[in-house]
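[1] I'll drop the sequence and a predicted model, then ask my questions.
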Amino acid sequence: MPEAVIRTDTSPPGLLASLDPLLREWLPRQRWFAGKGRPVTGFSLVAATELLPADSRLGLHHVLVRAHQRHTPAGGGAQEPGDCYQLLIGTREALPPRLAPALIGHVTEGPAAGRTAYDALYDTRPAEVLLEALRTRARIGGLRFERAPDDVIRAGLVPRLMTAEQSNSSVVYGDTFILKVLRRIVPGVNPDLELPLALAREGCPRVPAPAGWMVADLAGRTWVLGVLQPYLQGATDGWELALRELAKGEDFAAEARALGRATAEVHTALARALPTVTLGHAQARQLADGMTERLEAAARAVPLLRSYAPGLRTAFTALADLASEGRAWSAQRVHGDLHLGQCLRSPDGEWSLIDFEGEPAKPLAERRLPQPAVRDVAGMLRSFDYAAHSADVRVPGWAESCRAAYCTGYAEAGGHDPRTDPVLLRAYETDKAVYEVLYEARHRPEWLEVPLAAVRRLSVPEPA
Ligand SMILES: Nc1ncnc2c1ncn2[C@@H]1O[C@H](COP(=O)(O)OP(=O)(O)O)[C@@H](O)[C@H]1O
Ligand SMILES: O=P(O)(O)O[C@H]1O[C@H](CO)[C@@H](O[C@H]2O[C@H](CO)[C@@H](O)[C@H](O)[C@H]2O)[C@H](O)[C@H]1O
(Lines give C-alpha, C1' and ligand atoms only; values in the text may rest on other atoms or scores of the structure.)
(Ligands and ions follow the chains in the order given, each with its own letter.)
Protein backbone atom coordinates (compact mmCIF):
# COMPACT_ATOMS: atom_id res chain seq x y z
CA MET A 1 0.00 0.00 0.00
CA PRO A 2 1.31 3.48 -0.78
CA GLU A 3 1.97 5.18 2.55
CA ALA A 4 2.41 8.93 2.54
CA VAL A 5 0.12 11.39 0.86
CA ILE A 6 0.57 15.11 0.63
CA ARG A 7 -0.36 16.67 3.94
CA THR A 8 -3.35 18.94 3.88
CA ASP A 9 -2.38 21.33 6.62
CA THR A 10 -1.68 24.27 4.33
CA SER A 11 -3.98 26.62 2.58
CA PRO A 12 -6.23 25.88 0.79
CA PRO A 13 -7.09 22.71 2.69
CA GLY A 14 -7.51 19.64 0.57
CA LEU A 15 -6.15 20.99 -2.70
CA LEU A 16 -2.79 19.31 -2.41
CA ALA A 17 -4.16 16.00 -1.14
CA SER A 18 -6.34 15.89 -4.22
CA LEU A 19 -3.28 16.28 -6.43
CA ASP A 20 -1.45 13.29 -4.94
CA PRO A 21 -2.68 10.60 -7.34
CA LEU A 22 -2.10 12.90 -10.31
CA LEU A 23 1.47 13.70 -9.27
CA ARG A 24 2.29 10.01 -8.87
CA GLU A 25 1.57 9.56 -12.55
CA TRP A 26 2.94 12.83 -13.81
CA LEU A 27 6.13 13.51 -11.85
CA PRO A 28 8.13 10.39 -12.78
CA ARG A 29 7.45 11.11 -16.48
CA GLN A 30 9.16 14.52 -16.37
CA ARG A 31 12.59 14.82 -17.99
CA TRP A 32 13.87 16.58 -14.86
CA PHE A 33 12.66 13.89 -12.43
CA ALA A 34 15.92 12.65 -10.91
CA GLY A 35 14.74 9.37 -9.39
CA LYS A 36 14.06 7.43 -12.59
CA GLY A 37 13.66 3.68 -12.23
CA ARG A 38 12.56 3.68 -8.58
CA PRO A 39 8.85 3.61 -7.83
CA VAL A 40 7.33 6.67 -6.14
CA THR A 41 5.62 5.52 -2.97
CA GLY A 42 4.16 8.86 -1.95
CA PHE A 43 4.70 12.53 -1.38
CA SER A 44 5.09 14.82 1.57
CA LEU A 45 4.59 18.52 1.40
CA VAL A 46 7.56 20.73 2.22
CA ALA A 47 5.87 24.07 1.52
CA ALA A 48 2.99 25.48 -0.48
CA THR A 49 2.41 29.12 -1.32
CA GLU A 50 -0.63 30.48 -3.03
CA LEU A 51 0.40 32.93 -5.77
CA LEU A 52 -3.03 33.32 -7.39
CA PRO A 53 -6.19 32.22 -5.51
CA ALA A 54 -7.38 28.69 -6.30
CA ASP A 55 -10.93 29.87 -6.99
CA SER A 56 -9.94 32.47 -9.59
CA ARG A 57 -9.99 31.84 -13.35
CA LEU A 58 -6.41 30.75 -13.00
CA GLY A 59 -5.22 29.38 -9.65
CA LEU A 60 -1.47 29.27 -9.04
CA HIS A 61 0.44 27.44 -6.32
CA HIS A 62 4.13 27.29 -5.69
CA VAL A 63 4.71 23.84 -4.21
CA LEU A 64 7.80 22.17 -2.79
CA VAL A 65 7.14 18.48 -2.51
CA ARG A 66 9.26 15.54 -1.40
CA ALA A 67 8.86 12.42 -3.53
CA HIS A 68 9.40 9.28 -1.50
CA GLN A 69 10.80 6.40 -3.45
CA ARG A 70 11.65 2.81 -2.88
CA HIS A 71 15.10 1.51 -3.72
CA THR A 72 15.15 -0.94 -6.58
CA PRO A 73 15.13 -4.59 -5.35
CA ALA A 74 18.93 -4.65 -5.89
CA GLY A 75 19.17 -1.87 -3.33
CA GLY A 76 17.20 -3.86 -0.73
CA GLY A 77 13.79 -2.30 -1.32
CA ALA A 78 14.25 0.18 1.54
CA GLN A 79 12.49 3.52 1.79
CA GLU A 80 14.62 6.57 0.92
CA PRO A 81 14.24 10.08 2.36
CA GLY A 82 13.29 11.35 -1.10
CA ASP A 83 14.23 14.27 -3.33
CA CYS A 84 12.50 17.63 -3.04
CA TYR A 85 10.99 19.12 -6.21
CA GLN A 86 9.80 22.59 -7.08
CA LEU A 87 6.46 22.71 -8.89
CA LEU A 88 4.33 25.56 -10.11
CA ILE A 89 0.86 24.17 -10.29
CA GLY A 90 -1.86 26.03 -12.11
CA THR A 91 -5.56 25.17 -12.04
CA ARG A 92 -8.10 26.19 -14.68
CA GLU A 93 -11.68 25.21 -15.54
CA ALA A 94 -10.32 23.78 -18.78
CA LEU A 95 -6.99 23.87 -20.54
CA PRO A 96 -6.75 25.69 -23.86
CA PRO A 97 -5.15 23.49 -26.55
CA ARG A 98 -1.82 25.40 -26.35
CA LEU A 99 -1.45 24.13 -22.76
CA ALA A 100 -2.14 20.46 -23.58
CA PRO A 101 1.54 19.46 -23.05
CA ALA A 102 1.35 20.97 -19.54
CA LEU A 103 -1.50 18.73 -18.34
CA ILE A 104 -1.02 17.14 -14.92
CA GLY A 105 -4.59 15.83 -14.61
CA HIS A 106 -8.19 16.46 -13.69
CA VAL A 107 -8.86 17.18 -10.03
CA THR A 108 -11.78 15.14 -8.72
CA GLU A 109 -11.95 16.22 -5.09
CA GLY A 110 -11.10 19.09 -2.75
CA PRO A 111 -11.51 22.81 -3.38
CA ALA A 112 -10.32 22.55 -6.99
CA ALA A 113 -12.65 19.62 -7.85
CA GLY A 114 -13.73 19.80 -11.46
CA ARG A 115 -10.71 21.90 -12.46
CA THR A 116 -7.64 20.87 -14.43
CA ALA A 117 -4.19 20.97 -12.84
CA TYR A 118 -1.22 21.74 -15.06
CA ASP A 119 2.45 22.73 -15.05
CA ALA A 120 2.02 26.49 -14.86
CA LEU A 121 5.47 27.29 -16.26
CA TYR A 122 3.98 26.62 -19.72
CA ASP A 123 1.52 29.44 -19.19
CA THR A 124 2.09 33.16 -19.76
CA ARG A 125 0.40 34.65 -16.69
CA PRO A 126 2.15 32.46 -14.07
CA ALA A 127 5.53 33.12 -15.70
CA GLU A 128 4.74 36.85 -15.61
CA VAL A 129 3.94 36.55 -11.89
CA LEU A 130 7.48 35.22 -11.25
CA LEU A 131 9.20 37.98 -13.21
CA GLU A 132 7.06 40.64 -11.58
CA ALA A 133 7.99 39.23 -8.16
CA LEU A 134 11.70 39.39 -9.04
CA ARG A 135 11.31 42.90 -10.44
CA THR A 136 9.63 44.16 -7.27
CA ARG A 137 11.73 42.12 -4.82
CA ALA A 138 8.55 40.49 -3.52
CA ARG A 139 8.21 38.44 -0.34
CA ILE A 140 5.36 35.93 -0.54
CA GLY A 141 5.05 33.51 2.36
CA GLY A 142 8.45 31.84 2.67
CA LEU A 143 9.41 32.86 -0.86
CA ARG A 144 11.90 35.65 -1.37
CA PHE A 145 12.53 37.25 -4.76
CA GLU A 146 15.76 39.25 -5.18
CA ARG A 147 17.19 41.48 -7.87
CA ALA A 148 20.82 42.51 -8.42
CA PRO A 149 21.16 46.12 -7.19
CA ASP A 150 22.21 47.62 -10.52
CA ASP A 151 19.96 45.60 -12.81
CA VAL A 152 16.80 47.01 -14.30
CA ILE A 153 14.15 44.44 -15.08
CA ARG A 154 11.62 45.94 -17.44
CA ALA A 155 7.94 45.20 -16.78
CA GLY A 156 5.84 43.40 -19.37
CA LEU A 157 8.45 41.16 -21.00
CA VAL A 158 6.64 38.31 -22.75
CA PRO A 159 7.56 34.84 -21.40
CA ARG A 160 8.00 31.55 -23.24
CA LEU A 161 9.05 28.21 -21.77
CA MET A 162 12.15 26.73 -23.37
CA THR A 163 11.50 23.40 -25.02
CA ALA A 164 15.12 22.14 -24.85
CA GLU A 165 15.85 18.88 -23.03
CA GLN A 166 16.88 20.11 -19.60
CA SER A 167 17.52 19.01 -16.03
CA ASN A 168 15.46 22.03 -14.90
CA SER A 169 12.95 24.33 -16.63
CA SER A 170 13.81 27.70 -18.14
CA VAL A 171 11.57 30.56 -19.17
CA VAL A 172 12.80 33.22 -21.61
CA TYR A 173 11.38 36.71 -21.16
CA GLY A 174 11.21 38.78 -24.33
CA ASP A 175 14.65 37.54 -25.42
CA THR A 176 16.07 39.70 -22.62
CA PHE A 177 16.27 37.39 -19.61
CA ILE A 178 16.17 33.69 -18.94
CA LEU A 179 14.87 32.33 -15.64
CA LYS A 180 16.06 28.87 -14.71
CA VAL A 181 13.55 27.31 -12.34
CA LEU A 182 15.43 24.59 -10.49
CA ARG A 183 13.43 21.39 -10.25
CA ARG A 184 15.22 19.16 -7.75
CA ILE A 185 16.13 21.52 -4.96
CA VAL A 186 18.36 21.27 -1.91
CA PRO A 187 18.98 23.59 1.02
CA GLY A 188 22.21 25.57 1.13
CA VAL A 189 24.43 27.65 -1.13
CA ASN A 190 23.79 26.58 -4.72
CA PRO A 191 26.77 26.86 -7.08
CA ASP A 192 24.42 27.74 -9.95
CA LEU A 193 23.94 31.11 -8.25
CA GLU A 194 27.11 31.28 -6.15
CA LEU A 195 29.62 30.90 -8.98
CA PRO A 196 28.04 33.28 -11.54
CA LEU A 197 27.71 35.89 -8.74
CA ALA A 198 31.37 35.41 -7.79
CA LEU A 199 32.43 35.64 -11.44
CA ALA A 200 30.36 38.79 -11.93
CA ARG A 201 32.09 40.36 -8.91
CA GLU A 202 35.42 39.43 -10.53
CA GLY A 203 34.33 41.16 -13.74
CA CYS A 204 34.56 37.93 -15.77
CA PRO A 205 32.46 38.47 -18.93
CA ARG A 206 32.36 34.76 -19.86
CA VAL A 207 29.34 33.99 -17.66
CA PRO A 208 25.99 35.84 -17.77
CA ALA A 209 25.76 37.75 -14.48
CA PRO A 210 22.68 36.93 -12.35
CA ALA A 211 20.11 39.71 -12.55
CA GLY A 212 17.80 38.16 -9.97
CA TRP A 213 17.16 35.02 -7.97
CA MET A 214 14.37 33.40 -6.01
CA VAL A 215 14.86 31.49 -2.77
CA ALA A 216 12.76 29.86 -0.07
CA ASP A 217 13.54 30.46 3.58
CA LEU A 218 12.43 27.30 5.33
CA ALA A 219 13.22 26.01 8.80
CA GLY A 220 16.20 28.33 9.13
CA ARG A 221 17.77 27.32 5.80
CA THR A 222 17.82 28.96 2.38
CA TRP A 223 16.88 26.97 -0.71
CA VAL A 224 17.81 28.45 -4.06
CA LEU A 225 14.81 28.04 -6.38
CA GLY A 226 15.74 29.94 -9.51
CA VAL A 227 18.21 32.27 -11.20
CA LEU A 228 17.46 35.04 -13.70
CA GLN A 229 20.26 35.85 -16.15
CA PRO A 230 20.60 37.95 -19.30
CA TYR A 231 19.49 35.95 -22.31
CA LEU A 232 22.25 35.65 -24.91
CA GLN A 233 20.16 36.40 -27.96
CA GLY A 234 21.05 34.51 -31.11
CA ALA A 235 23.58 32.33 -29.28
CA THR A 236 24.11 28.72 -30.34
CA ASP A 237 25.36 26.04 -28.02
CA GLY A 238 28.61 24.25 -28.67
CA TRP A 239 26.94 20.88 -29.08
CA GLU A 240 24.71 22.09 -31.90
CA LEU A 241 27.58 23.93 -33.60
CA ALA A 242 29.89 20.92 -33.34
CA LEU A 243 27.26 18.60 -34.85
CA ARG A 244 26.61 21.13 -37.62
CA GLU A 245 30.29 21.23 -38.55
CA LEU A 246 30.57 17.46 -38.33
CA ALA A 247 27.62 17.06 -40.69
CA LYS A 248 29.50 19.18 -43.22
CA GLY A 249 32.70 17.22 -42.59
CA GLU A 250 34.26 20.44 -41.26
CA ASP A 251 37.00 20.83 -38.71
CA PHE A 252 36.05 22.47 -35.36
CA ALA A 253 39.57 23.08 -34.06
CA ALA A 254 39.46 26.91 -34.13
CA GLU A 255 36.27 26.93 -32.04
CA ALA A 256 37.69 24.26 -29.73
CA ARG A 257 40.74 26.45 -29.18
CA ALA A 258 38.55 29.48 -28.40
CA LEU A 259 36.58 27.30 -25.99
CA GLY A 260 39.81 26.25 -24.28
CA ARG A 261 40.68 29.91 -23.84
CA ALA A 262 37.23 30.74 -22.45
CA THR A 263 37.46 27.84 -19.98
CA ALA A 264 40.89 28.97 -18.75
CA GLU A 265 39.61 32.54 -18.29
CA VAL A 266 36.72 31.29 -16.16
CA HIS A 267 39.05 29.06 -14.14
CA THR A 268 41.47 31.96 -13.53
CA ALA A 269 38.61 34.18 -12.35
CA LEU A 270 37.21 31.44 -10.10
CA ALA A 271 40.65 30.88 -8.56
CA ARG A 272 40.86 34.61 -7.84
CA ALA A 273 37.33 34.86 -6.48
CA LEU A 274 37.13 31.81 -4.22
CA PRO A 275 39.49 29.79 -2.04
CA THR A 276 42.02 27.41 -3.58
CA VAL A 277 43.72 24.54 -1.77
CA THR A 278 46.52 22.07 -2.34
CA LEU A 279 45.54 18.44 -2.46
CA GLY A 280 48.20 16.59 -0.54
CA HIS A 281 48.84 12.88 -0.38
CA ALA A 282 45.80 11.96 1.73
CA GLN A 283 43.34 14.07 -0.27
CA ALA A 284 44.67 12.86 -3.60
CA ARG A 285 44.23 9.28 -2.39
CA GLN A 286 40.70 10.14 -1.38
CA LEU A 287 40.09 11.53 -4.85
CA ALA A 288 41.29 8.27 -6.43
CA ASP A 289 39.25 6.22 -3.94
CA GLY A 290 36.13 8.25 -4.75
CA MET A 291 36.60 7.55 -8.46
CA THR A 292 37.05 3.84 -7.76
CA GLU A 293 33.91 3.75 -5.63
CA ARG A 294 31.90 5.51 -8.34
CA LEU A 295 33.17 2.97 -10.86
CA GLU A 296 32.12 0.10 -8.64
CA ALA A 297 28.67 1.58 -8.04
CA ALA A 298 28.21 2.20 -11.77
CA ALA A 299 29.30 -1.35 -12.60
CA ARG A 300 26.72 -2.69 -10.13
CA ALA A 301 24.01 -0.61 -11.81
CA VAL A 302 25.05 -1.16 -15.43
CA PRO A 303 26.11 -4.77 -16.12
CA LEU A 304 27.61 -3.82 -19.51
CA LEU A 305 30.31 -1.91 -17.65
CA ARG A 306 31.48 -4.84 -15.54
CA SER A 307 33.99 -6.47 -17.87
CA TYR A 308 35.78 -3.13 -18.37
CA ALA A 309 36.00 -2.26 -14.67
CA PRO A 310 39.46 -3.83 -14.03
CA GLY A 311 40.98 -1.93 -16.96
CA LEU A 312 39.33 1.34 -15.92
CA ARG A 313 40.46 0.92 -12.34
CA THR A 314 44.11 1.16 -13.47
CA ALA A 315 43.52 4.87 -14.20
CA PHE A 316 42.61 5.40 -10.56
CA THR A 317 45.38 3.24 -9.09
CA ALA A 318 47.90 5.17 -11.22
CA LEU A 319 46.58 8.38 -9.63
CA ALA A 320 46.78 6.90 -6.14
CA ASP A 321 50.36 5.73 -6.85
CA LEU A 322 51.41 9.24 -7.90
CA ALA A 323 49.84 10.59 -4.71
CA SER A 324 51.81 8.04 -2.67
CA GLU A 325 54.98 9.26 -4.35
CA GLY A 326 54.25 12.68 -2.86
CA ARG A 327 52.74 14.40 -5.88
CA ALA A 328 50.38 17.28 -4.92
CA TRP A 329 47.75 19.06 -7.02
CA SER A 330 46.17 22.46 -6.67
CA ALA A 331 42.41 22.58 -6.44
CA GLN A 332 39.86 25.36 -6.93
CA ARG A 333 36.15 25.86 -7.58
CA VAL A 334 35.24 24.53 -11.00
CA HIS A 335 32.18 24.28 -13.25
CA GLY A 336 31.76 20.61 -12.38
CA ASP A 337 29.71 19.38 -15.36
CA LEU A 338 31.27 21.12 -18.34
CA HIS A 339 30.36 19.89 -21.80
CA LEU A 340 29.65 21.39 -25.22
CA GLY A 341 25.99 21.99 -24.35
CA GLN A 342 27.06 24.32 -21.52
CA CYS A 343 28.98 26.60 -23.88
CA LEU A 344 27.09 29.25 -25.83
CA ARG A 345 28.59 31.12 -28.78
CA SER A 346 27.10 34.56 -29.33
CA PRO A 347 26.73 35.94 -32.87
CA ASP A 348 29.92 38.01 -32.29
CA GLY A 349 31.84 34.72 -31.90
CA GLU A 350 32.44 35.02 -28.15
CA TRP A 351 31.93 31.96 -25.96
CA SER A 352 30.09 32.00 -22.62
CA LEU A 353 29.75 29.21 -20.07
CA ILE A 354 26.47 28.45 -18.32
CA ASP A 355 24.94 26.02 -15.81
CA PHE A 356 27.29 25.96 -12.82
CA GLU A 357 25.03 23.57 -10.90
CA GLY A 358 27.63 20.79 -11.14
CA GLU A 359 26.53 17.18 -11.42
CA PRO A 360 22.95 17.47 -10.16
CA ALA A 361 22.94 14.02 -8.54
CA LYS A 362 25.89 14.82 -6.24
CA PRO A 363 25.36 16.31 -2.76
CA LEU A 364 25.75 20.08 -2.63
CA ALA A 365 28.70 19.98 -0.23
CA GLU A 366 30.61 17.74 -2.62
CA ARG A 367 29.79 19.92 -5.62
CA ARG A 368 31.20 22.97 -3.82
CA LEU A 369 34.56 21.42 -2.95
CA PRO A 370 37.68 22.79 -4.63
CA GLN A 371 38.85 20.35 -7.28
CA PRO A 372 41.65 20.20 -9.84
CA ALA A 373 40.60 22.40 -12.77
CA VAL A 374 41.43 19.55 -15.13
CA ARG A 375 38.11 18.03 -14.15
CA ASP A 376 36.32 20.54 -16.39
CA VAL A 377 38.90 20.05 -19.12
CA ALA A 378 38.21 16.31 -19.03
CA GLY A 379 34.47 17.03 -19.34
CA MET A 380 35.07 19.02 -22.51
CA LEU A 381 37.46 16.46 -23.98
CA ARG A 382 34.79 13.81 -23.43
CA SER A 383 32.28 16.07 -25.13
CA PHE A 384 34.29 16.32 -28.36
CA ASP A 385 34.41 12.54 -28.33
CA TYR A 386 30.63 12.42 -27.73
CA ALA A 387 30.01 14.71 -30.69
CA ALA A 388 32.26 12.68 -32.99
CA HIS A 389 30.49 9.45 -32.02
CA SER A 390 26.96 10.86 -32.19
CA ALA A 391 27.20 12.47 -35.61
CA ASP A 392 25.79 10.76 -38.69
CA VAL A 393 28.99 11.57 -40.58
CA ARG A 394 32.22 10.14 -39.23
CA VAL A 395 35.17 12.50 -39.75
CA PRO A 396 38.43 10.69 -38.98
CA GLY A 397 40.59 12.57 -36.46
CA TRP A 398 37.87 15.18 -35.73
CA ALA A 399 37.70 14.62 -31.98
CA GLU A 400 41.48 14.31 -31.65
CA SER A 401 42.06 17.63 -33.41
CA CYS A 402 39.41 19.37 -31.23
CA ARG A 403 40.85 17.87 -28.08
CA ALA A 404 44.38 19.05 -28.94
CA ALA A 405 43.18 22.53 -29.95
CA TYR A 406 41.13 22.86 -26.76
CA CYS A 407 44.17 22.05 -24.60
CA THR A 408 46.29 24.49 -26.62
CA GLY A 409 43.72 27.28 -26.15
CA TYR A 410 43.47 26.46 -22.45
CA ALA A 411 47.24 26.74 -22.01
CA GLU A 412 47.42 29.93 -24.13
CA ALA A 413 44.97 31.73 -21.84
CA GLY A 414 46.97 30.98 -18.73
CA GLY A 415 45.67 27.54 -17.83
CA HIS A 416 48.04 24.70 -17.05
CA ASP A 417 48.34 22.51 -20.18
CA PRO A 418 46.41 19.40 -19.12
CA ARG A 419 48.48 17.17 -21.40
CA THR A 420 51.49 17.68 -19.14
CA ASP A 421 49.67 15.71 -16.42
CA PRO A 422 48.42 12.62 -18.30
CA VAL A 423 47.73 10.51 -15.22
CA LEU A 424 45.36 13.07 -13.68
CA LEU A 425 43.74 13.74 -17.04
CA ARG A 426 43.14 10.04 -17.75
CA ALA A 427 41.71 9.53 -14.26
CA TYR A 428 39.26 12.40 -14.74
CA GLU A 429 38.30 11.35 -18.27
CA THR A 430 37.69 7.83 -17.04
CA ASP A 431 35.64 9.07 -14.10
CA LYS A 432 33.55 11.20 -16.48
CA ALA A 433 33.01 8.34 -18.92
CA VAL A 434 31.84 6.13 -16.03
CA TYR A 435 29.45 8.89 -14.93
CA GLU A 436 28.16 9.15 -18.49
CA VAL A 437 27.49 5.42 -18.72
CA LEU A 438 25.34 5.66 -15.60
CA TYR A 439 23.69 8.88 -16.78
CA GLU A 440 22.79 7.44 -20.17
CA ALA A 441 21.60 4.13 -18.70
CA ARG A 442 19.21 6.09 -16.48
CA HIS A 443 18.11 8.89 -18.78
CA ARG A 444 18.81 8.00 -22.43
CA PRO A 445 19.54 4.27 -22.85
CA GLU A 446 19.69 4.71 -26.63
CA TRP A 447 22.85 6.83 -26.11
CA LEU A 448 24.65 4.27 -23.94
CA GLU A 449 26.92 3.10 -26.74
CA VAL A 450 28.60 6.55 -26.92
CA PRO A 451 30.26 6.50 -23.47
CA LEU A 452 30.70 2.72 -23.70
CA ALA A 453 32.91 3.22 -26.75
CA ALA A 454 35.07 5.54 -24.64
CA VAL A 455 35.08 3.04 -21.80
CA ARG A 456 36.45 0.40 -24.15
CA ARG A 457 39.19 2.77 -25.25
CA LEU A 458 40.04 4.03 -21.75
CA SER A 459 40.11 0.56 -20.20
CA VAL A 460 43.19 -0.28 -22.25
CA PRO A 461 46.00 1.92 -20.95
CA GLU A 462 48.18 3.50 -23.60
CA PRO A 463 51.66 1.97 -23.79
CA ALA A 464 54.11 3.95 -21.65
N1 LIG B 1 21.96 33.05 -20.67
C2 LIG B 1 21.46 32.28 -21.64
N3 LIG B 1 21.22 32.77 -22.87
C4 LIG B 1 20.69 32.01 -23.86
N5 LIG B 1 20.35 30.72 -23.69
C6 LIG B 1 20.57 30.17 -22.49
C7 LIG B 1 21.14 30.92 -21.40
N8 LIG B 1 21.22 30.10 -20.32
C9 LIG B 1 20.74 28.92 -20.72
N10 LIG B 1 20.35 28.95 -22.02
C11 LIG B 1 19.76 27.84 -22.78
O12 LIG B 1 19.00 27.06 -21.89
C13 LIG B 1 19.45 25.70 -21.91
C14 LIG B 1 19.34 25.11 -20.52
O15 LIG B 1 20.13 25.85 -19.61
P16 LIG B 1 20.94 25.13 -18.45
O17 LIG B 1 21.42 26.17 -17.51
O18 LIG B 1 21.97 24.21 -19.05
O19 LIG B 1 19.78 24.28 -17.77
P20 LIG B 1 19.76 22.80 -17.16
O21 LIG B 1 20.63 22.80 -15.94
O22 LIG B 1 18.33 22.62 -16.84
O23 LIG B 1 20.24 21.82 -18.21
C24 LIG B 1 20.88 25.76 -22.44
O25 LIG B 1 21.26 24.60 -23.10
C26 LIG B 1 20.82 26.94 -23.38
O27 LIG B 1 20.39 26.53 -24.64
O1 LIG C 1 23.30 19.59 -19.16
P2 LIG C 1 23.03 18.86 -17.89
O3 LIG C 1 23.47 19.61 -16.68
O4 LIG C 1 21.61 18.40 -17.77
O5 LIG C 1 24.01 17.57 -17.96
C6 LIG C 1 23.56 16.24 -18.01
O7 LIG C 1 23.02 15.96 -19.30
C8 LIG C 1 23.94 16.00 -20.41
C9 LIG C 1 23.18 15.60 -21.66
O10 LIG C 1 22.15 16.48 -21.89
C11 LIG C 1 25.11 15.05 -20.18
O12 LIG C 1 26.08 15.25 -21.21
C13 LIG C 1 26.46 14.15 -22.04
O14 LIG C 1 25.82 14.28 -23.30
C15 LIG C 1 26.19 15.47 -24.02
C16 LIG C 1 25.48 15.41 -25.36
O17 LIG C 1 24.09 15.48 -25.18
C18 LIG C 1 27.70 15.54 -24.25
O19 LIG C 1 28.06 16.77 -24.86
C20 LIG C 1 28.42 15.44 -22.91
O21 LIG C 1 29.82 15.41 -23.14
C22 LIG C 1 27.98 14.18 -22.19
O23 LIG C 1 28.57 14.12 -20.89
C24 LIG C 1 25.78 15.38 -18.86
O25 LIG C 1 26.82 14.42 -18.64
C26 LIG C 1 24.74 15.30 -17.74
O27 LIG C 1 25.33 15.67 -16.50
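    Sure, I can see it. Ligands and ions are numbered 1, 2, ... in the order given.

[2] helix or strand for Val455, which one?
    helix 449-458 (DSSP states H and E).

[3] What helices and strands are in contact with that helix?
    helix 309-324, helix 374-390, helix 422-443 (3 or more Cβ pairs under 8 Å, 6 or more residues apart in numbering; DSSP states H and E). C-beta here means a position set from N, CA and C on the backbone, and glycine is covered the same way.

[4] average pLDDT for it?
    Helix 449-458 carries an average pLDDT of 96.

[5] Same question for stretch 182-195.
    For stretch 182-195, the per-residue pLDDT averages 96.

[6] Quick check: buried residues in it?
    182-187, 190-195 (16 or more other Cβ atoms under 10 Å).

[7] How about the secondary structure of whatever residue of the stretch 351-464 of the chain ends up closest to ligand 1?
    Scanning the stretch 351-464 of the chain for the residue nearest ligand 1 gives Asp355, at 3.5 Å (criterion: Cβ to the nearest ligand atom). Secondary structure, DSSP: H, G, I helix; E, B strand; the rest coil: Asp355 is coil.

[8] these two touch, right, it and Asp192?
    Yes: using Cβ atoms under 8 Å, Asp355 makes contact with Asp192 at a distance of 6.9 Å.

[9] Near Thr49, how many residues? Count them for me, please.
    Thr49 is flanked by 16 other residues according to other Cβ atoms under 10 Å.

[10] Which elements pack onto the helix or strand where it lies?
    Using DSSP H and E, Thr49 sits within strand 40-52. The contact analysis (3+ Cβ pairs under 8 Å, 6+ apart) places strand 40-52 against helix 15-26, strand 58-69, helix 124-135, strand 212-218.

[11] buried stuff in that strand?
    For strand 40-52, a neighbour-count test (16+ other Cβ under 10 Å) marks 40-43, 45-52 as buried.

[12] Which other helices and strands does whichever strand or helix holds Ala264 contact?
    When elements are assigned from DSSP H and E, Ala264 belongs to helix 253-273. Counting contacts by 3+ Cβ pairs under 8 Å, 6+ apart, helix 253-273 packs against helix 191-201, helix 238-247, strand 343-345, strand 351-353, helix 374-390, helix 398-412.

[13] So which of these is nearest ligand 2?
    helix 374-390 (3.3 Å).

[14] thinking again about what came up before, from the buried residues of stretch 182-195, which single one is nearest Leu448?
    Arg184 (22.7 Å; Cβ to Cβ).

[15] Is the closest one in contact with Glu359, as I believe?
    No: using Cβ under 8 Å, Arg184 makes no contact with Glu359, being 11.9 Å away.

[16] Tyr85: what's it in contact with?
    If you count contacts by Cβ atoms under 8 Å, 6 or more residues apart in numbering, Tyr85 has them with 27, 33, 64-67, 183-185.

[17] In contact with the residue in the stretch 1-150 of the chain positioned nearest to ligand 2, which residues?
    Nearest residue of the stretch 1-150 of the chain to ligand 2 (Cβ to the nearest ligand atom) works out as Trp32 at 8.7 Å. For Trp32, the contact set (Cβ under 8 Å, 6+ apart) comprises 166-169, 183-184.

[18] Check Arg137 too.
    145-147.

[19] next one: phi and psi at Pro205?
    Main-chain torsions, Pro205, degrees, to the nearest 10: phi -80, psi 0.

[20] If anything else comes up later, I'll come back, but that's it for now.
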